[in-house]
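[1] Here is a sequence together with a model predicted from it:
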Amino acid sequence: MKLTEAKPDQIIPVPPLNLAANFTPLRDEIIAGVTEIMDSGYYVLGPRVEAFEADLAKYCGSPFALGVSSGTDALLVALMALDIGPGDEVICPAFTFFGTAGVIARLGAKPVFCDIDPDTFNVDIADLERRITPKTRALMPVHLYGQLADMDEILSIAKRHKLPVVEDAAQAVGATHNNRMAGAIGDFGCLSFYPTKNLGAIGDAGALLCQTEESFTKARSLRLHGETKKYHHRLIGGNFRIDVLQAFILQVKLRHIDAWTEQRRAVADRYTKLFAEAGLAPELVRLPIARIGRHVYHQYVIRAPRRDELVAFLTERKIGSGVYYPIPLHLQECFAYLGGKAGDLPESERAAKEVLALPMYPELTEAQQISVVAGIRAFYGR
Ligand SMILES: *Cc1c(COP(=O)(O)O)cnc(C)c1O
């Protein structure tokens, strides 16, 4: 079926995600390993986790990788390793997942929000630098939707101001620029393996990439309540451990991540082609702009007029979509104490009103993509 021939009644349902499809081809290998782990009686940390950490560090080109309980905890441990606390400020974008800023506030520090570049949805470099004060203790760029933030500029700002950089690479496993990989460019890189992420566990998990042995040793201690040796605590950490089952499954899946990324990129190219064919872009909807390095398309996000009506229209036809994120962080209720108001960060606010993520996964078929684009075309009456 060609897009131009798609009739309204040929619009087929497209699920927003299909996580099981990702598991099916690896089923036998994973089930065998899971059985072995169950029989071993060894379920948390230990040699199998270390084996995964070694593979992950190698894949990311990072000297050290530490498996942790979630992407959020990776961010938290990074800030704890930097001793960030009350009186400190940490700069992050206003347009990101809540967890990025939540960890700053949880440590008693002040999240300082900067605006985003309207093309890439990542930090606006000039605005980031403008918000640095004598209290700033770290910069936290996010590689939103799978595209790297402008790390060359961010690292040069960081160097000028002598600030550490914590990358929120939760959506960008495998994204590269100039042969450097997301998470392995700044001082710390935080990955999430939440099931919907590009490299997904079967529950919660994450990893922290560290550049120095000193920071790695400290982060590893923080992962286990700040233990230096058993029952001796030099620091106050937490339980940020990763399970053996998750580490094992991630280790198996890591071998396929590059193939899946290529499939995602092919899906993105197909969307772009279909939108042009349908006469929807660039006139009506704005398509993603891949400006920096290898975009891994955690999401394929368009800007769409009358976005909320479009979502309702697609939902009615069982075509999945998602809004990441509808409220910028400076306008979240829990951050009202920071005094943010509408109008403060115009690009973040505009993005929150316009963005729409379309179904995006390696297994997405051309027929499904045609259905998505035909559905959008039907909404706009084209
Ligand atoms: C998913 C995500 C996180 C948090 O990861 P969890 O594993 O869900 O805790 C943090 N930041 C961004 C940008 C994310 O997308």
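    That came through, no problem.

[2] which residue does the chain bring closest to the ligand?
    Here the chain gets closest to the ligand at one residue, residue 71, 2.5 Å apart by CB to the nearest ligand atom. Just so you know, the C-beta spots here come from the backbone N, C-alpha and C atoms, and that holds for glycine as well.

[3] can you pull the contacts of the residue nearest to that residue when sequence neighbours are not counted?
    What sits nearest to residue 71 in space, not counting adjacent residues and going by CB to CB, 6 or more residues apart in numbering, is residue 192, at 2.5 Å. Going by CB atoms under 8 Å, 6 or more residues apart in numbering, residue 192 touches 70-72, 74, 170-171, 205-206.

[4] follow-up on the earlier one: so how many other residues sit close to the residue of the chain closest to the ligand?
    By other CB atoms under 10 Å, 26 other residues sit near residue 71.

[5] try the one 5 residues further on
    Residue crowding around residue 76 was assessed by other CB under 10 Å; the count is 27.

[6] My understanding was that it contacts residue 103; is that so?
    Yes: under the criterion of CB atoms under 8 Å, residue 76 makes contact with residue 103 at 4.4 Å.

[7] tell me the domain ranges of this structure?
    Using automatic domain parsing, the domain parsing of the chain gives 3-8+258-380, 24-254.

[8] Please work out which of the ones you listed is packed deepest.
    Using mean count of other CB atoms under 10 Å, the stretch among the domains of the chain with the largest mean neighbour count is domain 24-254, at a mean of 20.

[9] Between the two ends of it, how far is it?
    Terminal residues of domain 24-254 lie 15 Å apart, using CA to CA, to the nearest Å.

[10] How far away from the center of its chain is that domain?
    Taking CA atoms, centre = their mean, to the nearest Å, one finds domain 24-254 lying 10 Å from the centre of the chain it belongs to.

[11] same question, stretch 242-261
    With CA atoms, centre = their mean, you get 16 Å for stretch 242-261.

[12] What of stretch 275-288?
    Counting by CA atoms, centre = their mean, stretch 275-288 comes out at 25 Å from the chain centroid.

[13] distance between the ends of that stretch?
    End-to-end for stretch 275-288, by CA to CA: 12 Å.

[14] Give me the contacts around it.
    Around stretch 275-288, the neighbours that count as contacts under CB under 8 Å, 6+ apart are 3-4, 145, 147, 268, 271-272, 295, 297, 300-305, 354, 373-374, 376-377, 380, 382.

[15] So which of those are in strands?
    If you go by DSSP state E, these have 300-303 in strands.

[16] Can stretch 134-146 be said to contact the ligand?
    Yes: for stretch 134-146, a contact with the ligand is found by CB under 6 Å from any ligand atom, at residue 142.

[17] Pull up the distance across that stretch, start to finish.
    Note: stretch 134-146 ends 31 Å apart using CA to CA.

[18] which residues in the stretch 51-200 of the chain form helices?
    All helices of the stretch 51-200 of the chain, identified by DSSP state H, counting those that start in this stretch, fall at 71-81, 98-106, 125-130, 151-161.

[19] can I get these in TSV with mean pLDDT?
    Listed next are those as TSV, based on pLDDT from 0 to 100:
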stretch	mean pLDDT
helix 71-81	98
helix 98-106	98
helix 125-130	98
helix 151-161	98
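
[20] and residue 369, how far is that from residue 333?
    37 Å (CB to CB, to the nearest Å).

[21] Check residue 227 too.
    37 Å.

[22] give me the low-pLDDT residue ranges for the stretch 1-150 of the chain?
    Applying pLDDT under 70 to the stretch 1-150 of the chain flags the ranges 1-10.

[23] who touches residue 120 in this structure?
    144, 147, 149-150, 289, 291-292.

[24] Take the residues you listed and write them to TSV, including distance to residue 253.
    Listed next are those as TSV, based on distance: CB to CB, whole Å:
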residue	distance to residue 253
144	22
147	22
149	25
150	29
289	29
291	28
292	25
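
[25] Out of those, which comes closest to residue 201?
    The shortest gap between residue 201 and any of those belongs to residue 144, at 21.0 Å (CB to CB).

[26] can you pull the contacts of the closest one?
    93, 95-96, 116, 120-122, 171.

[27] how about those, which pair is most distant?
    116 and 171 (14.1 Å).

[28] Go ahead and flag the most central residue of the chain.
    The centroid of the chain falls nearest to residue 171 when counting by CA atoms, centre = their mean (1.9 Å).

[29] Show me which residues of the stretch 201-350 of the chain are close to the ligand?
    Applying CB under 6 Å from any ligand atom, one finds that the stretch 201-350 of the chain approaches the ligand through 204, 206.

[30] Where do the helices of the stretch 201-350 of the chain begin and end?
    Under DSSP H, counting those that start in this stretch, the stretch 201-350 of the chain gives helices at 213-223, 244-254, 257-277, 307-316, 346-354.

[31] which other helices and strands contact the second one?
    What it means is helix 244-254. helix 27-40, helix 47-60 (3 or more CB pairs under 8 Å, 6 or more residues apart in numbering; DSSP states H and E).

[32] packing partners for the first one?
    This points to helix 27-40. Applying 3+ CB pairs under 8 Å, 6+ apart, one finds that helix 27-40 contacts helix 244-254.

[33] okay, residue 229: pLDDT?
    If you check residue 229, the pLDDT there is 89.

[34] Give me the distance between it and residue 288.
    As for residue 229, its distance to residue 288 is 49 Å (criterion: CB to CB).

[35] What of residue 264?
    From residue 264 to residue 288 the distance is 12 Å (CB to CB).

[36] Check the contact lists of the two and give me the overlap.
    Common neighbours of residue 264 and residue 288 (CB under 8 Å, 6+ apart) are residue 297.

[37] one step back: can you redo the helices of the stretch 201-350 of the chain as CSV with distance to residue 339 and mean pLDDT?
    As requested, those are exported to CSV (distance: least, CB to CB, whole Å; pLDDT from 0 to 100):
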stretch, distance to residue 339, mean pLDDT
helix 213-223, 31, 98
helix 244-254, 40, 98
helix 257-277, 39, 97
helix 307-316, 28, 98
helix 346-354, 16, 98
